[in-house]
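In: sequence plus the predicted model coming up.
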Amino acid sequence: MKFTLYDLPYAYGALEPYIDAMTMEIHYTKHYQAYLTNLNTALEKYPDFQTWSADKLVEQVKQLPEGLQTPVRNNGGGFINHTFFWQIMSPDGGGEPRGKVGEEIKKIFSSFAAFQDQFNAEAKKVFGSGWAWLVVDKNGKLQIISTPNQDSPLMQGIRPIMGLDVWEHAYYLKYQNRRPDYINAWWHVVNWQQVQENWDRLHE
Ligand code: MN3
């Protein structure tokens, strides 16, 4: 079994003006594709693991054969992180979350604005390349974390329900060095309905 690209449910230009079409196209067709190709190539030599899901490979990366650990960490992580990221954005996104996630955010962070401030601070402080995440921790509580490179929260046994790619490749064409501007714009495309579904899946 080989992994395949997740089909974007919207056009490259659909998230304009917040995320430009060229960035989306290069991000999807070059970066995302490269993680996928490299993951599939790495697995060719390890038939025992070809039936595992990509999430399981990343989650259990430390239990894998040594030669498979680094490719899974970097490319498996890159593959699942991006597959996740495409889904939590939408041209119909933005605004404030309603329903259970909205309630939980207000309960834990006191207000949506305070939550955004804390998330923005976490995303800004990532040194070099990485991700900021809204996760459900082991006690079922919402928490904001960041990870370096393509490390996934799954590697710590925690589940993301929302995440933001702060690698320069995600914003440099439009925002150059202005990561805070990219972060502020990104809130306009957050697909809260999907975030809610991600939450629901963890609480079934
Ligand atoms: Mn990326």
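Out: Sure thing, it's come through.

In: ok, what's across the strand from the residue of the chain at minimum distance from the ion?
Out: Nearest residue of the chain to the ion (C-beta to the ion) works out as Asp165 at 4.2 Å. The C-beta positions use only the backbone N, C-alpha and C, and glycine is treated the same way. Taking DSSP bridges as the rule, Asp165 bridges to Trp131.

In: hmm, who's touching stretch 155-164?
Out: Stretch 155-164 is contacted by residues 58-59, 61-62, 73, 77, 81, 84-85, 88, 101, 119, 123, 131-138, 142-143, 145, 147, 152-154, 183, 186, 190, 195, 198-199, 202 when judged by C-beta atoms under 8 Å, 6 or more residues apart in numbering.

In: any of these buried? List them.
Out: Neighbour counting over these (16 or more other C-beta atoms under 10 Å) leaves 58-59, 61, 73, 77, 81, 84-85, 88, 101, 119, 123, 131-136, 142, 145, 147, 152-154, 183, 186, 190, 195, 198-199 as the buried ones.

In: which residues does the nearest residue in space to Ile108 that is not next to it in sequence contact?
Out: Leaving aside its sequence neighbours, Ile108 sits nearest to Leu142 (C-beta to C-beta, 6 or more residues apart in numbering; 4.8 Å). Leu142 makes contacts with Glu104, Ile105, Ile108, Phe109, Leu134, Val135, Val136, Ile161, as judged by C-beta under 8 Å, 6+ apart.

In: got the contact list for the longest helix along the chain?
Out: Taking DSSP state H as the criterion, the chain has its longest helix at helix 112-125. Under the criterion C-beta under 8 Å, 6+ apart, residues 96-97, 102, 105-106, 108-109, 132, 134, 144-146, 164, 166, 179-180, 183-184, 187 lie in contact with helix 112-125.

In: could you tell me which residues of the protein lie near the ion?
Out: Proximity of the chain to the ion is confined to Asp165, Trp167, Ala170 under the rule C-beta under 5 Å from the ion.

In: one more time with 6 Å
Out: Residues of the chain lying close to the ion (C-beta under 6 Å from the ion) are His27, His31, His82, Asp165, Trp167, His169, Ala170.

In: just the buried ones out of these, please.
Out: Buried positions within the residues of the chain next to the ion, assessed by neighbour count (16+ other C-beta under 10 Å), are His27, His31, His82, Asp165, Trp167, Ala170.

In: helix, strand, or coil at the residue nearest to Tyr171 when sequence neighbours are not counted?
Out: Nearest residue to Tyr171, sequence neighbours excluded (C-beta to C-beta, 6+ apart): Tyr182, at 3.7 Å. At Tyr182 the chain is in helix, as set by DSSP: H, G, I helix; E, B strand; the rest coil.

In: please list all residues in contact with Tyr182.
Out: Contacts of Tyr182 (C-beta under 8 Å, 6+ apart): Val166, Ala170, Tyr171, Lys174, Tyr175.
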